[in-house]
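**Student:** Just to be clear, the model below is a prediction. Sequence and coordinates:
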Amino acid sequence: MAIIPPDWAFPRADSLPPYAFVTTDAAKAKVLAAGADLIDLGLGNPDRPPPAAIVDVLHAHADAAQSHRYHPGIGLLELRQAIGHWYAGRYGLTLDVDSEVVVCMGAKEGISHFCFAALSPGDVVVAPDPCYPIHAGGPRIAGAEVEPYEARADVAPADAVAAALARVTARGGRTKLVLANYPQNPTGRSVSKAELAALVRVVQRSGALLLHDLAYADLDFQARFAPSIFDCGVPADEVRAFAVEVCSLSKSYSMPGWRVGFVVGSERMVGALSHLKSYLDYGSFVPIHHAAAWALRHGDAIASELRELYRARATTLVAGLREAGWPEVVEPSSTMFVWAPLPPAWRERGSMAAVTSLIQEAHVAASPGVCFGPGGDGHVRFALIEDPPRLLEACARIGRWLAR
C-alpha cells in the first residue's frame, strides 16, 4: 500500500486556519446528537427558497438538449447582457459585456481565482480586518502577504486603507491590490457614496489595483441600492482603469446554492480572471445562467422584499438581545447580520469560548468574531436566517444564559 511521505507538505492548505464556519461544527454536532433543538444563527445561509418565477426559468431550460453541453467559460451571453442591463439601470454604467464582464460560480470563486490570476508570492494585499474569510484567505492562498486595515465603525474606511498603505510603504513594500467590501460582512456596515469615493481615490493615488465586493448590493438599509465604485462620484472611466467589482445573486434573490456571481470592470483584470478560468472550469449549468438573467432583469421586487425581510429580522433580534441583557448591540445598517460586542463577562475569554458556551448551554449557535480576523475577536456574528418567533426564542435562551 502506498504511503504519502510524511515530509511532503501541502503548503496552501497547511497555511490556512480552520474555516470560519466549521470551527463550531463539533460543538453543534454534539448537542444535535443529544437531541437538542439548536437555533443555528451561524452561517449566513438564506432560509427562503428562490421565487417560483426564477425556478420556472431553470426548469424550462433544463429540458433543452443543448443546455447540457459545455458553454462559454466567461458566461452565457444572455446573462452577461443582463448584467450590463443591471449595471446600466442602477448605476448608469455602460459595460462591454464581451471584455468587461465575466460570470463566476459565486462571489467567493471570483475573488479567489482573481487572486490566483493577479498575485504571486511577495505581493502585498490590503484587506479589511475583520473580513469575510476569503478576503484575506484568497490572497494568502495565492502566496501574497496581507496587510489588514481596520474595519471599525469609528474609523473612516478611506483613512483605514490609507494607514495600511502607508505601513506597507514605510517598510519598503508596494501594495498590489486593495480589497474592500461594502456593505460589509461581518460588521453590517454600509458606506455613503462620498465615503466610497474617498476610499477609491486613496487606492487610485497609491497605484494599487482595487477589488470591491458588492455581494450585499440589495441589502443596504440606508439606500435602496448600495453604492458601487462605478457610481460613487469618481468618473467611471477612471475607476475601470484599475478596479473591478464582484456581485452575487445569493442574497438578493435567495439563490446561494445556485453559485452564480459576476466580476465587472477593468478589461485587463477581467481578462486575467477569464483567462485563468478557461483552464479551470466551463462555468456552471447553463439553465442557471438563464434563470439568473431573468432575475437580474425582472427581480427587483424580489430583492426589495428580501431587503425588508432582513431589516425586520434585524430589528427583532437587536430588540430581543437588548431585552435579554446583552449590552451595546446596535442595528446593522446593511447585510443579513448582527455584529454584537461580547458581553462584559466574556470579553477576556474571547468569542470562541462565548459561542461554544452558547451552543452547549443555550442551544443557540452564532459565528465567533475571531473567525473573521483578529479584529473580530471582541464580537459575535448572528445571521438573520430565522423568522421573528424563532429569533425571540433564541433571545429568551440567551437571556437565561447571560443570567447564569
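**Tutor:** Yep, it's here.

**Student:** What ranges does the chain have for its helices?
**Tutor:** 11-14, 25-33, 52-62, 77-91, 107-118, 133-141, 157-170, 193-206, 236-239, 267-280, 286-298, 300-324, 351-357, 388-403 (DSSP state H).

**Student:** These: which one's closest to V101?
**Tutor:** Across the helices of the chain, V101 has its closest neighbour in helix 77-91 (4.7 Å, C-beta to C-beta). All C-beta atoms are positioned from the backbone trio N, CA, C, and that covers glycine.

**Student:** I'd like to know which elements the closest one is packed against.
**Tutor:** strand 101-104, strand 261-265, helix 286-298 (3 or more C-beta pairs under 8 Å, 6 or more residues apart in numbering; DSSP states H and E).

**Student:** The ones you listed into JSON lines, with extra columns for mean neighbour count and mean pLDDT?
**Tutor:** Listed next are those as JSON lines, based on neighbours: other C-beta atoms under 10 Å; pLDDT from 0 to 100:
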{"stretch": "strand 101-104", "mean neighbour count": "27", "mean pLDDT": "97"}
{"stretch": "strand 261-265", "mean neighbour count": "27", "mean pLDDT": "98"}
{"stretch": "helix 286-298", "mean neighbour count": "23", "mean pLDDT": "97"}
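
**Student:** Using a markdown table, lay out the ones you listed together with distance to T23.
**Tutor:** Formatted as a markdown table, the helices and strands packed on helix 77-91 follow (distance: least, C-beta to C-beta, whole Å):
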| stretch | distance to T23 |
| --- | --- |
| strand 101-104 | 26 |
| strand 261-265 | 25 |
| helix 286-298 | 30 |
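
**Student:** Show the low-confidence segments of the stretch 51-200 of the chain, by residue range.
**Tutor:** Low-confidence segments of the stretch 51-200 of the chain, defined by pLDDT under 70, are absent.

**Student:** Pretty sure V203 sits against L210.
**Tutor:** Yes: the criterion here is C-beta atoms under 8 Å, and V203 meets it with L210 at 4.5 Å.

**Student:** any shared contact partners between the two?
**Tutor:** Common contacts of V203 and L210 (C-beta atoms under 8 Å, 6 or more residues apart in numbering): V178, F242, A243.

**Student:** Which of the residues you listed fall in strands?
**Tutor:** V178, A243 (DSSP state E).

**Student:** Compare the shared contacts of V203 and L210 and tell me which is most surrounded.
**Tutor:** With neighbours defined as other C-beta atoms under 10 Å, the most crowded of the shared contacts of V203 and L210 is V178; it has 28 neighbours.

**Student:** With A127 as the reference, measure out to it.
**Tutor:** 8 Å (C-beta to C-beta, to the nearest Å).

**Student:** Repeat that for A226.
**Tutor:** A226 is 19 Å from A127, by C-beta to C-beta.

**Student:** For those two, work out which one has more neighbours and name it.
**Tutor:** A127 (28 against 23).

**Student:** The more buried one against E145, yeah?
**Tutor:** No: with contacts defined as C-beta under 8 Å, A127 does not count as touching E145, sitting 10.5 Å away.

**Student:** which neighbours do the two share?
**Tutor:** With C-beta under 8 Å, 6+ apart, A127 and E145 have common neighbours P139.

**Student:** coming back round to it: just send the helices of the chain back as a markdown table, with distance to V380 too.
**Tutor:** Formatted as a markdown table, the helices of the chain follow (distance: least, C-beta to C-beta, whole Å):
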| stretch | distance to V380 |
| --- | --- |
| helix 11-14 | 27 |
| helix 25-33 | 14 |
| helix 52-62 | 33 |
| helix 77-91 | 33 |
| helix 107-118 | 22 |
| helix 133-141 | 16 |
| helix 157-170 | 22 |
| helix 193-206 | 26 |
| helix 236-239 | 35 |
| helix 267-280 | 34 |
| helix 286-298 | 32 |
| helix 300-324 | 10 |
| helix 351-357 | 6 |
| helix 388-403 | 10 |
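
**Student:** And those helices: which comes nearest L43?
**Tutor:** That would be, of these and by C-beta to C-beta, helix 25-33, which comes in at 10.3 Å.

**Student:** And that closest one, what's buried?
**Tutor:** For helix 25-33, the neighbour count (16 or more other C-beta atoms under 10 Å) marks A27, K28, V31 as buried.

**Student:** before we move on, what about stretch 204-214?
**Tutor:** Buried, per 16+ other C-beta under 10 Å, within stretch 204-214: Q204, S206, A208, L209, L210, L211, H212, D213, L214.

**Student:** Pull the contacting residues for the fifth one.
**Tutor:** Which is L210. Applying C-beta under 8 Å, 6+ apart, we find L210 in contact with L177, V178, L179, A180, V200, V203, Q204, I229, V239, F242, A243, V244.

**Student:** Adding distance to T187, write these out as CSV.
**Tutor:** As requested, the contacts of L210 are exported to CSV (distance: C-beta to C-beta, whole Å):
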residue, distance to T187
L177, 21
V178, 18
L179, 15
A180, 13
V200, 20
V203, 20
Q204, 24
I229, 19
V239, 24
F242, 26
A243, 22
V244, 22
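
**Student:** Which one of the residues you listed is nearest to E386?
**Tutor:** Distances from E386 to those, taken by C-beta to C-beta, are shortest for A180, at 29.7 Å.

**Student:** Would you enumerate the residues in contact with the closest residue to L165 other than its chain neighbours?
**Tutor:** Of all residues not flanking L165 in the chain, S206 sits nearest, at 5.0 Å (C-beta to C-beta, 6 or more residues apart in numbering). By C-beta under 8 Å, 6+ apart, the contact set of S206 is L165, T175, V178.

**Student:** try it again with 10 Å
**Tutor:** V126, V161, A162, A164, L165, A166, V168, T169, R174, T175, V178, F242 (C-beta atoms under 10 Å, 6 or more residues apart in numbering).

**Student:** and those residues, which are buried?
**Tutor:** Buried subset of these (neighbour count, 16+ other C-beta under 10 Å): V126, V161, A162, A164, L165, V168, T175, V178, F242.

**Student:** Good, we can wrap up now.
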